[in-house]
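J.: Kindly return the folded structure for what I paste below:
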Amino acid sequence: MAVRASAIAAVLATCWGASAVAGSAVSGALSLEAGPEYFGGEYYAALVPAFTLESEPVSLELDVPFRLRLNSDLSRERGVYRTEDWDALSDAGRVLRSLDLRLGNRTFVGHLGALAHETLGHGTIVSDYGNALLPDAQPIGLSARLAAGPVVAQVVGGNVLGLDVTAASVGIEPLSLWGEPNDRMHLSVNAAADWDPQAVSTQYAAVFGASLDGTLLRRKEAKLAPYADFNTTARGGHGLHVGILADFLISSVELSLRAEYRHTRGPYQPEYFDLAYSLERTTSLIEPETLGTDTSLAKADVPFRTDDTWRAEARLRVGPVSLAADVRSRGRDPFTRALVHDASGVLEIENGPVSVSAFVAARQFDWGHNPGRILALGEVRYRILPNLHVWTVGGRSYRLEGGGASELWQLGGGIGGALGF
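T.: Residues are numbered from 1 along each chain as shown. Here you go, the predicted model:
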């Protein structure tokens, strides 16, 4: 069963399917996870009943998670269950965890629910975007991809029940327009907007761009593809991204590398809609010294200047182990002039009955100095029997309150079971 013990666990794409019935045309399971949890300074009993359904074109997961307070005094004062999990329409994604549709041998792929690692094109506008980072909100997101001959279209929506982040990309293989299919060159146009960026300087934040890549080397053991993106924003400013993608297959080792140089002219910011955007759209960590340390600008208000930046990324797969890491420079803080960097890493291990996932991100740091924020989550699951497992999860995230962000710690564990049909 694909239940999740954390509000940001969609970042960790661990899926425990109903293996006992996986061979049938249509399979499903009724499941329950339960266990103690420390979350945001309080102790809870976490209960997550769930229903999953799996077939060739469609898969569905419905959850009804509850956190029940274990402190009797707090229960009388604040209620038995944690109301923040269910007090807004943006919590609808806690119930509809995922609805996936696959048609025409994956000609069309659609997803409703939690989003994680959504990327458009080369990721220079939308890179690893997710909507499951904030612990007090879980909107229903949308991602869809349609491939029709040489044309590929992709859309991403952060909240289908409320207008915020919307992104789209249309790509074409120009060499396939004349003769046989040829995927050595790709040209695409990309756009993304936040219709409610919570900024003073603008009513909406939008980035538009075009990208081109071509394959220089394509063999089984190695592939090389340089690319170039040019993006601009609705407020002015632009960015030129030039990079190279390299893929290697050495025995059973798969290695992907990426290096990118960017020349940016403010107020443009690279990878604008990234993994921490839902948090940093309101509080970006960039603080004007004249306003004091308790005041942080919305991301759309940050006046980044002209700069030269870079990005490096590596992805490794060896047997049951998958690892991805990236480091990127955003240039200089427009107020302190300190260099600003971001880094993140994801680890996944699937080995028999054991599943391990870990995610960590350091936001806005200079070398030799502590980062402004650290986001982290780790999860371990062990399958005791085909339909019985134990789990533990721990992590650090942030809650938006009072115009700022406060850290939130989580630690939990328990047992889960499922009845398949």
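J.: Any regions of the stretch 201-350 of the chain where pLDDT drops low?
T.: 289-295 (pLDDT under 70).
J.: As a check, name the ranges of all strands in it.
T.: Assigned by DSSP state E, counting those that start in this stretch, the stretch 201-350 of the chain shows strands spanning 205-214, 217-218, 222-233, 238-250, 253-265, 307-318, 321-332, 339-351.
J.: contact partners of the shortest one?
T.: Outside strand 217-218, the residues that touch it by Cβ atoms under 8 Å, 6 or more residues apart in numbering are 184, 223, 224. (Glycine included, C-beta is placed from N, CA and C.)
J.: wait, which of these is closest to residue 256?
T.: Nearest to residue 256, judged by Cβ to Cβ, of those is residue 223 at 9.1 Å.
J.: coming back round to it: buried among the contacts of strand 217-218? Need that as a selection in ChimeraX.
T.: Typed into ChimeraX, the line below selects the buried ones among these, using 16 or more other Cβ atoms under 10 Å:
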select :223,224
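J.: ok, the contacts of strand 217-218 vs residue 76, which is closest?
T.: Looking across those and measuring by Cβ to Cβ, the closest to residue 76 is residue 223, at 62.4 Å.
J.: and residue 338, what is it in contact with?
T.: 332, 366, 369.
J.: Partner strands of the helix or strand residue 43 falls within and their direction?
T.: Element membership of residue 43, judged by DSSP states H and E, is strand 42-54. Its sheet considered, strand 42-54 pairs with strand 27-39 (antiparallel), strand 58-63 (antiparallel), strand 66-69 (antiparallel) by DSSP bridges.
J.: Throw those strands into TSV and include mean pLDDT, distance to residue 350 and mean neighbour count, thanks.
T.: Shown next, in TSV, are the strands paired with strand 42-54 (pLDDT from 0 to 100; distance: least, Cβ to Cβ, whole Å; neighbours: other Cβ atoms under 10 Å):
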stretch	mean pLDDT	distance to residue 350	mean neighbour count
strand 27-39	95	19	19
strand 58-63	96	18	19
strand 66-69	93	28	18
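J.: Take these and lay them out in a markdown table including distance to residue 406.
T.: Shown next, in a markdown table, are these (distance: least, Cβ to Cβ, whole Å):
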| stretch | distance to residue 406 |
| --- | --- |
| strand 27-39 | 14 |
| strand 58-63 | 26 |
| strand 66-69 | 18 |
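J.: Mind checking those strands for the one nearest to residue 189?
T.: Nearest to residue 189, of the strands paired with strand 42-54 and by Cβ to Cβ, is strand 58-63 at 30.8 Å.
J.: any idea how far the closest one is from the chain center?
T.: Relative to its parent chain, strand 58-63 has a centroid offset of 19 Å by Cα atoms, centre = their mean, to the nearest Å.
J.: any idea how far the residue lying closest to residue 94 once chain neighbours are set aside is from residue 193?
T.: In this structure, residue 94 finds its nearest non-sequential neighbour in residue 138, 4.8 Å apart by Cβ to Cβ, 6 or more residues apart in numbering. Remark: distance between residue 138 and residue 193 (Cβ to Cβ, to the nearest Å) = 22 Å.
J.: ok so residue 132 is a strand residue?
T.: No: assessed with DSSP: H, G, I helix; E, B strand; the rest coil, residue 132 is coil; it does not lie in a strand.
J.: That one: how many residues sit nearby?
T.: As a burial measure, residue 132 scores 24 neighbours (other Cβ atoms under 10 Å).
J.: Please apply the same query to residue 378.
T.: Residue 378 sits with 18 neighbouring residues when counted by other Cβ under 10 Å.
J.: what's the answer for residue 258, then?
T.: 19.
J.: Wait, it touches residue 312, no?
T.: Yes: at 7.0 Å, residue 258 counts as touching residue 312 under the criterion of Cβ atoms under 8 Å.
J.: Quick check: neighbours shared by these two?
T.: What both residue 258 and residue 312 touch, as defined by Cβ under 8 Å, 6+ apart, is the set residue 326.
J.: need the contact list for residue 42.
T.: Residue 42 sits next to 69, 71, 74, 82 when contact means Cβ under 8 Å, 6+ apart.
J.: Which of these fall within helices?
T.: residue 74 (DSSP state H).
J.: Quick one: which of the contacts of residue 42 has the lowest pLDDT value?
T.: Among the contacts of residue 42, residue 74 has the lowest pLDDT, at 83.
J.: In contact with residue 306, which residues?
T.: 264, 265, 266.
J.: any idea how far residue 228 is from the last one?
T.: Counting by Cβ to Cβ, the gap from residue 266 to residue 228 is 20 Å.
J.: hang on, the earlier thing: turn the contacts of residue 42 into TSV, columns for distance to residue 131.
T.: Putting the contacts of residue 42 into TSV (distance: Cβ to Cβ, whole Å) gives the following:
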residue	distance to residue 131
69	27
71	31
74	29
82	20
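J.: correct me, but residue 155 touches residue 126?
T.: No: under the criterion of Cβ under 8 Å, residue 155 makes no contact with residue 126, lying 10.8 Å away.
J.: what do those two both touch?
T.: Common contacts of residue 155 and residue 126, defined by Cβ under 8 Å, 6+ apart, comprise residue 167.
J.: Mind checking which of these two has more residues around it?
T.: Shown here are residue 155 and residue 126; by other Cβ under 10 Å, residue 126 has more neighbours (25 against 16).
J.: Could you check which helix or strand contains the nearest residue to that one once chain neighbours are set aside?
T.: The shortest distance from residue 126 to any non-neighbouring residue, by Cβ to Cβ, 6+ apart, is to residue 120 (4.2 Å). Using DSSP H and E, residue 120 maps to neither a helix nor a strand.
J.: for residue 120, phi and psi?
T.: phi -110, psi 130 (degrees, to the nearest 10).
J.: Please apply the same query to the one 4 residues further on.
T.: Reported as degrees, to the nearest 10, the phi and psi values for residue 124 are phi -80, psi -10.
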